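Asker: show me how the following folds:
(one chain, ligands or ions: 1)
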Amino acid sequence: MSTSAAAIRRYRSRSLWLDQLPDLQVRPALAGDDDAEVVIVGAGLTGLWCAYHLLEATPRRRVVVLEAETAGFGASGRNGGWCSALFPLSWPRVARLHGAAEARALYAALCDVVAEVGAVCRREGIDAGYHRGGTLTLARTPAQRDRIRAGLAADAELGLDTGTWLDPPEVERRLRVPGVLGAAFTPHCARLNPAVLVRGLARAVERRGGVVHDRSPVREVSPGRVRTPLGTVRAEHVVLATEAYTVRFRELHRRVLPVWSLMVATEPLPESFFAEVGWAGCETLTDGRHLVIYAQRTPDDRIAFGGRGAPYHFGSRITDAYDRHDPTFASLRAALAELFPALGDARTTHAWGGPLGVPRDWHPSVGYAPTSRIGWARGYVGDGVAAAALAGATLADLVDGRDTGRTRLCWVQHRSPDWEPEPLRWLGVNLAARAAATLDHLEARGRDLALLRRGLEGLTGA
Ligand SMILES: Cc1cc2nc3c(=O)[nH]c(=O)nc-3n(C[C@H](O)[C@H](O)[C@H](O)COP(=O)(O)OP(=O)(O)OC[C@H]3O[C@@H](n4cnc5c(N)ncnc54)[C@H](O)[C@@H]3O)c2cc1C
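Answerer: Have a look, this model is predicted:
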């Protein structure tokens, strides 16, 4: 099947990263019925890491990946490119749920996988601009400073080294941003170009004998069988790797909530800009506000800058139109200019967004049901780049029945409650976003609404 120029334009327009690919080739769709040992639904990072590890364990076995659009079309080709050991729940909350030793084991596995992603990029010739410069979490208000320091202390009490506190002069040696009261630094993060990673993985899967079909939307999943409009794949094992898009399967509709994260990217910036702000270490960058922002210095010296705040859409609907929300783009541009006054008139050349999957308890999970032989991993909120690599490797272990350190991690077989029916979801989620923005606004003016803050922290577990 040839793919029209309009479809390629649509794929490129999903993100800076997809737009920058020198060629965006779309693979043939599944045409007719097929048999496989494992069929994977979704060619994002979760699905492709799972395929990669299955084929690493047993090369040339029959692994088929079915993708509704093209590899990396979802969050995996659009994200902020933080390959980090972050987890959506705070570690004390993970420890309360599963025990301190389990929290430590999961954190250690996430730290290891940050390095492992870099090793695979080198081994497979994936030139994703992987650079392990760590993360700076800036404190720019006293409330942010107190919150960040309290978080580091609580993690340290559990025996987790999630960062070191830097006083303003130490921050300035790395990065010069106005109004900084200090920062937490962790080495466990690499910036990368996510579209190059996900599409490079698809090629690595194919080199090992796996098959990837683009433009093959799965309409129905049942034990041993998945159906697309043009054919059915029968397989011993089925893996669902559809993250936010999981809501499109009627029976799984309330398992996650599709929440949009939006991004803008500047044009490549001149040396004079970096002479003024520093940032030679290419640390990924955020601060302590509630309505998350995140930035990276890209391999081609742009700033890719993202954040939350775009609305949730009634009924968990997902369409291309929701990837753009002008008020959120305007807030992102304003936040970027405020952090980096040295940008002056620099243009933003790209603005995009995408849905990520949020479980009701903000707890990502990996699972496999031995009776139906259906596996899944989902619900990474905004922390899925490294986590999907760990989840994909774990799914491969589960499918093959291997009992490994990975399969004993506390997110395996975790079951999140379902989201409430509408209109409760719509009301609750949009109110929470409004509350986060209000808290940030008050904190920037030296005020706090402790009750609202505790309510929000209770809801998100962050
Ligand atoms: C703007 C943005 C910024 C982010 N920034 C970061 C970051 O910096 N660091 C980080 O760790 N995380 C980040 N995230 C989250 C991270 O990108 C995701 O958690 C991760 O990519 C999830 O990978 P996935 O493969 O599970 O899902 P996806 O990448 O969403 O892949 C799912 C795939 O399944 C396909 N699909 C869906 N339904 C079907 C079907 N019925 N049949 C066939 N195929 C189907 C989709 O087309 C899609 O390609 C961000 C997300 C967004 C949107």
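
Asker: interface residues of the stretch 51-200 of the chain facing the ligand?
Answerer: 66-69, 73-76, 78-82, 84 (CB under 6 Å from any ligand atom). Backbone N, C-alpha and C define where each C-beta goes, glycine included.

Asker: let's see 8 Å
Answerer: Taking CB under 8 Å from any ligand atom as the contact definition, the stretch 51-200 of the chain meets the ligand at 66-84, 86, 194, 198.

Asker: out of these, which are inside helices?
Answerer: 194, 198 (DSSP state H).

Asker: which of the residues of the stretch 51-200 of the chain next to the ligand count as buried?
Answerer: Listed as buried from these are 66-84, 86, 194, 198; burial here means 16 or more other CB atoms under 10 Å.

Asker: count the neighbours of residue 250 for me.
Answerer: Residue 250 is flanked by 7 other residues according to other CB atoms under 10 Å.

Asker: what values do phi and psi take at it?
Answerer: phi -50, psi -40 (degrees, to the nearest 10).

Asker: picking that back up, in strands, which of the buried ones among the residues of the stretch 51-200 of the chain next to the ligand fall?
Answerer: When these are checked against strands (DSSP state E), the matches are 66, 82-84.

Asker: which of those sits closest to residue 13?
Answerer: Nearest to residue 13 among those, counting by CB to CB, is residue 82 at 22.4 Å.

Asker: apart from its neighbours in sequence, what residue is nearest that closest one?
Answerer: Leaving aside its sequence neighbours, residue 82 sits nearest to residue 284 (CB to CB, 6 or more residues apart in numbering; 4.8 Å).

Asker: can you tell if the one helix or strand residue 353 maps to touches the ligand?
Answerer: Per DSSP states H and E: residue 353 is located in strand 348-359. Yes: Strand 348-359 lies within reach of the ligand by CB under 8 Å from any ligand atom, at 352-357.

Asker: residues in contact with the helix or strand following that strand?
Answerer: Sequence-wise, the next helix or strand downstream of strand 348-359 (DSSP H and E) is strand 365-369. The contact list for strand 365-369 (CB atoms under 8 Å, 6 or more residues apart in numbering) reads 359, 374-379, 391, 394-395, 398-399, 409, 411-416.

Asker: do stretch 141-161 as well
Answerer: 90-92, 95, 100, 103-104, 107, 137-139, 162-165, 181-184, 287-289, 443-444, 446, 448.

Asker: which parts of that stretch are buried?
Answerer: Judged by neighbour count using 16+ other CB under 10 Å, the buried positions of stretch 141-161 are 141, 143-145, 147-149, 151-152, 154-155, 158, 160.

Asker: tell me the mean pLDDT for it?
Answerer: Computed over stretch 141-161, the mean pLDDT rounds to 96.

Asker: okay, and the beta partners of residue 307?
Answerer: residue 262, residue 293 (DSSP bridges).

Asker: residue contacts, the residue in the stretch 301-450 of the chain positioned nearest to the ligand?
Answerer: Proximity of the stretch 301-450 of the chain to the ligand (CB to the nearest ligand atom) peaks at residue 384, 1.8 Å away. Neighbouring residues of residue 384 by CB under 8 Å, 6+ apart: 45-46, 75-76, 79, 243, 356, 364.

Asker: how about residue 91?
Answerer: Neighbouring residues of residue 91 by CB under 8 Å, 6+ apart: 103, 107, 154-155, 158, 160, 162.

Asker: so how far is the ligand from the nearest residue to residue 186 once chain neighbours are set aside?
Answerer: Leaving out its chain neighbours, the residue that sits closest to residue 186 by CB to CB, 6+ apart is residue 163, at 4.2 Å. To the ligand, residue 163 is 17 Å away according to CB to the nearest ligand atom, to the nearest Å.

Asker: now for residue 163, how many residues are close by?
Answerer: Neighbourhood size, residue 163 [other CB under 10 Å]: 22.

Asker: got it, and the one 3 residues further on?
Answerer: The local packing of residue 166 (other CB under 10 Å) involves 20 other residues.

Asker: wait, residue 376 touches residue 243, no?
Answerer: No: counting by CB atoms under 8 Å, residue 376 does not reach residue 243; the two are 9.9 Å apart.

Asker: compare those two (neighbour count), which wins?
Answerer: More crowded of residue 376 and residue 243, by other CB under 10 Å: residue 243, with 29 against 25.

Asker: pLDDT of stretch 374-384, averaged?
Answerer: 97.

Asker: send the alpha carbons of it over as PDB?
Answerer: Listed next in PDB are the C-alpha coordinates belonging to stretch 374-384 (Å, rounded to 0.1, in the frame of the first residue of the first chain):
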ATOM      1  CA  ILE A 374      -2.400 -11.400  27.100                       C
ATOM      2  CA  GLY A 375       0.300  -9.000  28.400                       C
ATOM      3  CA  TRP A 376       0.300  -5.200  28.800                       C
ATOM      4  CA  ALA A 377       2.200  -2.200  30.100                       C
ATOM      5  CA  ARG A 378       0.800   1.300  30.500                       C
ATOM      6  CA  GLY A 379       0.200   4.300  32.600                       C
ATOM      7  CA  TYR A 380       3.600   5.900  32.700                       C
ATOM      8  CA  VAL A 381       2.000   9.400  33.000                       C
ATOM      9  CA  GLY A 382       4.900  11.700  31.700                       C
ATOM     10  CA  ASP A 383       7.700   9.300  32.600                       C
ATOM     11  CA  GLY A 384       7.700   6.600  30.000                       C
END
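
Asker: list the buried ones in it?
Answerer: Here stretch 374-384 shows 374-384 as buried, counting by 16+ other CB under 10 Å.

Asker: how about those residues, which pair is most distant?
Answerer: The span of the buried residues of stretch 374-384, defined through CB to CB, is set by 374 and 382 at 25.9 Å.

Asker: would you list the ones in strands among the buried ones among the residues of the stretch 51-200 of the chain next to the ligand in CSV and tack on pLDDT?
Answerer: Converted to CSV, those look like this (pLDDT from 0 to 100):
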residue, pLDDT
66, 98
82, 98
83, 98
84, 98
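
Asker: report the contact partners of the closest residue in space to residue 418 that isn't next to it in sequence.
Answerer: Counting by CB to CB, 6+ apart, residue 254 is the residue found nearest to residue 418 once chain neighbours are left out, at 3.9 Å. Contacts here follow CB under 8 Å, 6+ apart; on that basis residue 254 touches 247, 316, 418-421.

Asker: which of the residues you listed fall in helices?
Answerer: Assignment to helices by DSSP H places none of these there.

Asker: what would those residues look like in TSV with neighbour count and pLDDT?
Answerer: What follows is the contacts of residue 254, written out as TSV (neighbours: other CB atoms under 10 Å; pLDDT from 0 to 100):
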residue	neighbour count	pLDDT
247	22	97
316	22	95
418	13	96
419	20	95
420	15	93
421	10	94
